[in-house]
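[1] sharing a model prediction with you, sequence too.
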Amino acid sequence: MPSPSGNSFLPEEDLLNTILNELKRSVKEYTTATTESACQSVRTMFSNLTADTLKMQGDMYQLIEQQKQYPAPVPHAMKSEVDKQLQEVQKTSQQTRQLIQQKTSALSSMAHQVNVSQHPTNVSPTQ
């Protein structure tokens with residue numbers, strides 16, 4: 001709500017950063033909702049919301065950066081450090097897939113095997 005002098009209730013820099021932070025939070029929430037959705041149409045909706053919100057967040061960042069309201073970026077990471085991190089993530093991902101495969105195959109071997117033939121129904125259909 002504007003003050004009597006016509007200014008915003010927050011300085012512009014604070015307002016823009018608040019919006020940027022809220023967009024970041026929303027992306028996290030939408031991503032969680034996407035991964036938790038069992039219904040494909042709900043999953044698609046949250047996936048689309050995530051993509052749209054990421055675009056808005058990028059646009060907001062550009063606006064803040066153009067106004068020189070963002071601190072100077074950290075020097076670029078060395079390629080070797082990025083490659084090392086990527087290899088660690090890929091290794092963890094592979095280990096996770098192997099663990100999931102082991103656990104799911106163990107579950108299927110423990111599944112109850114039917115040892116009785118199917119019984120005929122004892123209720124006749126009504127006419």
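    Good, I have the coordinates.

[2] tell me, what residue is most central in this structure?
    Nearest to the geometric centre of the chain sits T31, at 2.4 Å (CA atoms, centre = their mean).

[3] residues in contact with the closest residue to it other than its chain neighbours?
    Closest residue to T31 apart from its sequence neighbours, by CB to CB, 6 or more residues apart in numbering: T50 at 5.6 Å. In short, each C-beta sits where N, CA and C put it, glycine included. Contacts for T50 were tallied using CB atoms under 8 Å, 6 or more residues apart in numbering; they are V27, Y30, T31, T34.

[4] remind me which helix or strand T50 belongs to.
    Following DSSP states H and E, one finds T50 within helix 40-66.

[5] now that helix: buried residues?
    Buried positions in helix 40-66, judged by neighbour count with 16 or more other CB atoms under 10 Å: F46, S47, L49, T50, T53, L54, Q57, M60, I64.

[6] mind putting those in JSON lines, pLDDT and distance to T104 included?
    Shown next, in JSON lines, are the buried residues of helix 40-66 (pLDDT from 0 to 100; distance: CB to CB, whole Å):
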{"residue": "F46", "pLDDT": "95", "distance to T104": "25"}
{"residue": "S47", "pLDDT": "95", "distance to T104": "25"}
{"residue": "L49", "pLDDT": "96", "distance to T104": "30"}
{"residue": "T50", "pLDDT": "95", "distance to T104": "27"}
{"residue": "T53", "pLDDT": "96", "distance to T104": "33"}
{"residue": "L54", "pLDDT": "95", "distance to T104": "32"}
{"residue": "Q57", "pLDDT": "93", "distance to T104": "36"}
{"residue": "M60", "pLDDT": "90", "distance to T104": "42"}
{"residue": "I64", "pLDDT": "86", "distance to T104": "45"}
